[in-house]
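Enquirer: pasting the sequence and the predicted coordinates here, then a few questions.
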Amino acid sequence: MKKIEFTDDFIKHLEWLARIELEDSEKKRLKEELALLLRYIDDVLSIDVEGYSPYIYPKPSMELREDIPVSDEDAYSYLSRLALEEGFVKGPVVIKKK
Amino acid sequence: MRAVDFLLSIKRGEIDDVKLIEGFRERVIAEDEKYNIFITLAEPDEAFHRKRLLSGVPIAVKDNIVTKNLRTTCASQVLENFVPSYDATVVERIKSEGGVIVGKTNMDEFAMGALGTTSYFGPTRNPLNPSLSPGGSSSGSAAAISSGLVPMALGSDTGGSIRLPAAWTGIYGLKPTYGLVSRYGLVSYSDSLDQIGPMASSIFDLELLFGVIMGWDEKDPTTYDKHVPSEVFIKRAFMNPDPHIMRNLRVALLKEPLVHEDADQKVVDRFMDYVSELEAYGAVVEEVSIPLVNKAPQIYYVIAFSDASSNLARYSGLLYGKRVVDVIDTDWDEYYMRNRKLFGWEVKRRILLGSFILSAGYYEMYYDRALRARAKLYDELNKVLAKYDVIATPGSNIPPLPLDFDASDLSRLNAIDSLLVIANLAGLPAIVIPLEVSTNTPISIQLISQKWSEDILFEIGKYIALYISKLERELEA
Amino acid sequence: MNIKIGLEVHVQLTSLKTKLFCSCSADYRGKPPNTNICPVCLGMPGSLPRVNKEAIKSAIKVALALNSNINQVLAWARKHYFYPDLPKGYQISQYDGKGVATFAKGGYINIRVNGKKKKIKIRRINIEEDPARIVYPTGDAETSSYILIDYNRSGIALLEIVTEPDMNSPEEVRAFLEKLRSILEHLEVSDLSLEGSMRADVNISVGDGERVEVKNISGLKDIEQAIRYEVARQIDVLEKGGRIERETRHWDSTRKITKPARVKEYEEDYRYMPDPNLPFYIIPDELIEEVRKTLPELPEERAARFINQHGLSEYLAHVLVSSKALADYYEKVAELSGVKGDKVAGLIVTDLLGWIDSEDLSNISRIVPPEDLAEVVKLLEKNEITIKMAKEMIPLLVRGEKPRQIIERMGWSVIRNRAVLEKIVDDVLKENPQVLKDIERNPRAVQFIIGKVLEKTGKKGDPKIIAEIVREKIRLS
Ligand SMILES: [Zn+2]
């Protein structure tokens, strides 16, 4: 089992994974609470799960949908409430500015 | 007054449904200040369908269930100004039966919390005792009922979020079998655990609301089409329980919550008094032990945090919700990093930890293992349910916690979490039935049964309500 | 230097009527931005995906045609990354591992380059959703201060087809993509002539250099150009004694060069997980068999038929089947003219194709209706025009002229009908009785008669046939 060190780099990595920027006070708090939370959920590692496969779906199977188009006027009117440019949604540039 | 009685009165022409709703608005404005129940109130709508199952019944809806043209915030600053373009399937069904959505209730932010205290809009107070938590995360829905504002409400239950507030505010709450109520329009927290369920001041109303919202939905691929038909519940909501239901009812009394180190002895003792009453009415009660139950919350948190990190990845302020930085001033990395600062702390730490659990190298260690442990728990619970009709636990084995309780160490909630999350992890139906209310120590019972056997839970629930808890009779008086 | 190329091709299933997970129309092209959308493809909170059955059938078709092994359990995974074109913060895709599986594994496509056959191995086939379309307000990513997003494309069904790095030259890549395109066209799952319907990520390694990935190139032509550029670039670096590091590059389709992608602080960690909203679907054997039965004749079988039954040369047969439109065109012309074989195929491949832009191949029937070319073939067959004339006619047909018009205008039509000509000869002889008397003494009188007849046909009579008829008539008289 890997021992996780709550270094500044580790916290920075978590911020990047989750895309949430933290204040310095939050970083400090996260380090403290992560220690508590991980200690707690680490109990899962001690459960003997030999012979069990992952339980992902309480309802294990589903049906498929027929290929019949339906149009949704409400979704269009929802978007039209945003500040659009010629019908387009404006977004941030996809290349790094800094 | 129970909605079922009220509906019968309308049918008989004794009362005017519209006036009742008007009265509701005046009362809610007075009461809401005390308990902080509603995040958004609906405009008075008298255009509901007449002479249907819920005609004119004021119904409160938890604010993580989307409502067309009615703000839906999930009690988060992120969605502070989100007005959906569509109704959740359950809301559609309520409206088509004449029910009136009166407002959106306060909750823990994105349903993450046990005390109703992580809301961006401030905590909800417990109508039984305003210095205490009403339980979370469906805190506003429970308080709306417990304070007498509405007879029924919708909640959602991922790890006890309907049942804990029901237990702490002295009302009824049901977490249905996974897949029996459509999740279309329920803002996802942990998809394989989330269920919408009814909450009510009467077991009869609970059954009626369940009958209206339940059943297969083509928009939700995880709903079942094979189940007891909704008509059965709707019909039985107006009927007394099977008088023989207690005779030889096989009850497995789950040991772990009763002997938990954090369990409150007074609560457990009172609960055991009622268990004796069940026996006196003919139930066969035997103690069973499933030690894995004590680790169920840890299994639960691994799965729920991971799913939350995935489900909440969509909140960036681009298509809905609030922004800190606008698109022109930034690039996309920074845009996400900064706009997602708007989440509250509980949500942030769950997303951060969940992202980590799913990341390279840790998925197998935590997530995959939790899913296998979940299979094991499912197996052990179902082995018990093969021999017993129901598993019984207290609705809560502790009294309501104070609003300032520090839950940053989630292991401090293990006593209640463990008895609640097992039903979600195994996809089983679970009902909480109040037994007695008081300002500090409400007592309730939770019954868990096999999948798709809500009908049994309602029959037992009605029996307990009428003959054992005496709460329902007090309500009628 | 040894060149190794592997492809990750994304093709839209353009024949579907709806998107992969919602009922929005799949026909999004040409619609005003953000009009072909719903809560599901906008990733609205509370919305849930529903899998399009026809998409699965199309994917089965493709897997069978590529000799790939279909996983009986259809399962879905979430691939997480943050990008403004991805409304949920994850893409619903498929994955090999983590409790789920890729759609199909293995398989191959046979290609031929310069008459040599080669097998290109398929690694896997996945089904996934297309992200939204990004447009740059200035037309260029570098100079735009924000982007514009159109969600009409969001959620369109894509097939991801990944090859082994089996290709050793740009020519082989071209042959592979043409063959793949033709197979998809024959299966009638995709019309890859539509803008943006085929995109690819390309892995290229040269000599001892590391693998370089060129991402998101759109269209067959650009894919080939990008590979040519990148191979030449890498060879150049190596020959100058440089090293090729492992990196990701982007294709600049305006300047026709590859550029290094900006280095990120961290590698993207996709955090794949099973999508809990989409339970397993066990693909019934009957469904696979049903699809197998409806599989059309594929390019290779079609070429074999052309060779064996039409007597086509191998070369022409394979050129024809490289495009369904082309092979269909050939068959239509052969059917309408009653002539098959290299004569017809040659006219199409060596003459007609020379005048049609390869991008317009799918429109060949509209550019020169097969009826028109069939007429040319018939005229040729009846010797009413010469092959030289036929070749001259092709560019005029492409310009929209009709065969008869051209012949008229050019004065090429030839009257060979014996009955028609006999009648004219009879008329001329009747009109010139004294010439007939002179005929034995003056052999030039025959030429005079022929001249008169030709005059009467407007110089369109076949002089050889006229001479024959005149000689016969004189002998008989
Ligand atoms: Zn859609």
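Expert: Thanks, I have it. Numbering: from 1, shown residues only, chains lettered A, B, ... in the order given.

Enquirer: ok, and the closest non-adjacent residue to C:Glu359?
Expert: Once flanking residues are discounted, C:Glu359 sits nearest to C:Ser193: 7.2 Å by C-beta to C-beta, 6 or more residues apart in numbering or on different chains. C-beta: built from backbone N, CA, C; applies to glycine.

Enquirer: pull the residues that contact stretch C:287-299.
Expert: Here stretch C:287-299 makes contact (C-beta atoms under 8 Å, 6 or more residues apart in numbering or on different chains) with C:57, C:60-61, C:64-65, C:70, C:179, C:182-183, C:186-188, C:305, C:321-322, C:324, C:327.

Enquirer: for it, buried residues please.
Expert: C:Leu287, C:Ile288, C:Val291, C:Leu298, C:Pro299 (16 or more other C-beta atoms under 10 Å in any protein chain shown).

Enquirer: keep only those of those residues that are in helices.
Expert: C:Leu287, C:Ile288, C:Val291, C:Pro299 (DSSP state H).

Enquirer: is C:Tyr281 in a helix, a strand, or coil?
Expert: Counting by DSSP: H, G, I helix; E, B strand; the rest coil, the backbone at C:Tyr281 sits in strand.

Enquirer: ok, now which ones touch the closest residue to it other than its chain neighbours?
Expert: With C-beta to C-beta, 6+ apart as the criterion, C:Tyr281 has its nearest non-adjacent residue at 4.2 Å, and that residue is C:Leu74. The contact partners of C:Leu74, by C-beta under 8 Å, 6+ apart, come to C:Val51, C:Ile56, C:Phe103, C:Phe280, C:Tyr281, C:Ile282, C:Ile283.

Enquirer: got those residues as CSV, with distance to B:Glu92, pLDDT and neighbour count columns?
Expert: Shown next, in CSV, are the contacts of C:Leu74 (distance: C-beta to C-beta, whole Å; pLDDT from 0 to 100; neighbours: other C-beta atoms under 10 Å in any protein chain shown):
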residue, distance to B:Glu92, pLDDT, neighbour count
C:Val51, 22, 98, 21
C:Ile56, 28, 98, 21
C:Phe103, 34, 98, 26
C:Phe280, 28, 96, 20
C:Tyr281, 26, 97, 20
C:Ile282, 31, 97, 12
C:Ile283, 32, 97, 20
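
Enquirer: which one of those sits closest to A:Leu84?
Expert: Nearest to A:Leu84 among the contacts of C:Leu74, counting by C-beta to C-beta, is C:Val51 at 30.5 Å.

Enquirer: ok, now which ones touch that closest one?
Expert: A:Met62, A:Leu64, A:Arg65, B:Pro221, C:Leu20, C:Phe21, C:Leu74, C:Trp76, C:Leu278, C:Tyr281.

Enquirer: quickly check: the lengthiest strand in chain C near the ion or not.
Expert: Identified as the longest strand of chain C according to DSSP state E is strand C:116-129. No. Judged by C-beta under 5 Å from the ion, strand C:116-129 and the ion are separated, with a smallest distance of 10.2 Å.

Enquirer: now the strands for chain A?
Expert: All strands of chain A, identified by DSSP E, fall at A:89-91.

Enquirer: so where's it shaky on pLDDT?
Expert: A:1-2, A:97-98 (pLDDT under 70).

Enquirer: over in the stretch 301-450 of chain B, which residue gets nearest the ion? Let me know.
Expert: B:Leu319 (13.1 Å; C-beta to the ion).

Enquirer: so that residue, which state does it fall into?
Expert: coil.

Enquirer: how close does it sit to A:Lys90?
Expert: Taking C-beta to C-beta, to the nearest Å as the measure, B:Leu319 falls 11 Å from A:Lys90.

Enquirer: how about A:Glu73?
Expert: Computed with C-beta to C-beta, the distance linking A:Glu73 and A:Lys90 is 23 Å.

Enquirer: with C:Lys391 instead?
Expert: Distance from C:Lys391 to A:Lys90, by C-beta to C-beta: 55 Å.

Enquirer: tell me which of those two has more neighbours.
Expert: A count of neighbours by other C-beta atoms under 10 Å in any protein chain shown puts A:Lys90 above the other of C:Lys391 and A:Lys90, at 18 against 15.

Enquirer: so B:Ser444 sits in a helix?
Expert: No. Counting by three-state DSSP, B:Ser444 is not found in a helix; it is strand.

Enquirer: mind listing what it touches?
Expert: By C-beta under 8 Å, 6+ apart, the contact set of B:Ser444 is B:Ala166, B:Ala167, B:Gly170, B:Pro394, B:Gly395, B:Ser396, B:Val432, B:Ile433, B:Pro434, B:Leu435.

Enquirer: again, only using 6 Å
Expert: For B:Ser444, the contact set (C-beta atoms under 6 Å, 6 or more residues apart in numbering or on different chains) comprises B:Ala167, B:Gly395, B:Val432, B:Pro434, B:Leu435.

Enquirer: give me the neighbour count for C:Gly338.
Expert: Neighbour tally, C:Gly338, other C-beta under 10 Å: 10.

Enquirer: which residue packs closest to it, ignoring adjacent ones?
Expert: Ranked by C-beta to C-beta, 6+ apart and with sequence neighbours excluded, the top spatial neighbour of C:Gly338 is C:Lys378, at 7.6 Å.

Enquirer: that neighbour touches C:Leu336, doesn't it?
Expert: No. With contact defined as C-beta atoms under 6 Å, C:Lys378 does not count as touching C:Leu336 (8.4 Å).

Enquirer: what about the closest residue to chain A within the stretch 201-350 of chain C, distance to A:Asp24?
Expert: Closest to chain A within the stretch 201-350 of chain C is C:Pro279: 4.2 Å, counting by C-beta to the nearest C-beta. Going from C:Pro279 to A:Asp24 by C-beta to C-beta gives 44 Å.

Enquirer: now swap in C:Leu158 and tell me
Expert: Remark: distance between C:Leu158 and A:Asp24 (C-beta to C-beta) = 43 Å.

Enquirer: higher neighbour count, these two?
Expert: C:Leu158 (23 against 7).

Enquirer: can you confirm that one is in a strand?
Expert: Yes. Under three-state DSSP, C:Leu158 sits within a strand.

Enquirer: ok, longest helix in chain A?
Expert: Longest helix in chain A, counting by DSSP H: helix A:24-41.

Enquirer: quick check: the farthest pair among the buried residues of stretch C:287-299?
Expert: C:Leu287 and C:Pro299 (24.6 Å).

Enquirer: around chain B, pick out the residues from chain A.
Expert: Within chain A, the positions adjacent to chain B are A:14, A:17-21, A:33, A:36-37, A:40-41, A:43-44, A:47, A:49, A:52, A:54-56, A:58-59, A:62, A:74-75, A:78, A:90-94, A:96-97 by C-beta under 6 Å from any C-beta of the partner chain.

Enquirer: those in helices, which ones?
Expert: Among the residues of chain A next to chain B, DSSP H puts A:Leu14, A:Leu17, A:Ala18, A:Glu33, A:Leu36, A:Leu37, A:Tyr40, A:Ile41, A:Asp74, A:Ala75, A:Tyr78 in helices.

Enquirer: neighbours of the nearest residue to the first one once chain neighbours are set aside, just the number please.
Expert: The shortest distance from A:Leu14 to any non-neighbouring residue, by C-beta to C-beta, 6+ apart, is to B:Leu352 (4.8 Å). B:Leu352 is surrounded by 25 other residues when neighbours are defined as other C-beta under 10 Å.

Enquirer: how about the helices in the stretch 51-200 of chain B?
Expert: Secondary structure of the stretch 51-200 of chain B, counting by DSSP state H, counting those that start in this stretch: helices at B:89-96, B:139-146, B:163-169.

Enquirer: same for the shortest one, what does it pack against?
Expert: Based on contacts counted as 3 or more C-beta pairs under 6 Å, 6 or more residues apart in numbering or on different chains; DSSP states H and E, the elements that helix B:163-169 packs against are helix B:139-146, strand B:172-175, strand B:430-436.

Enquirer: done for today, thanks.
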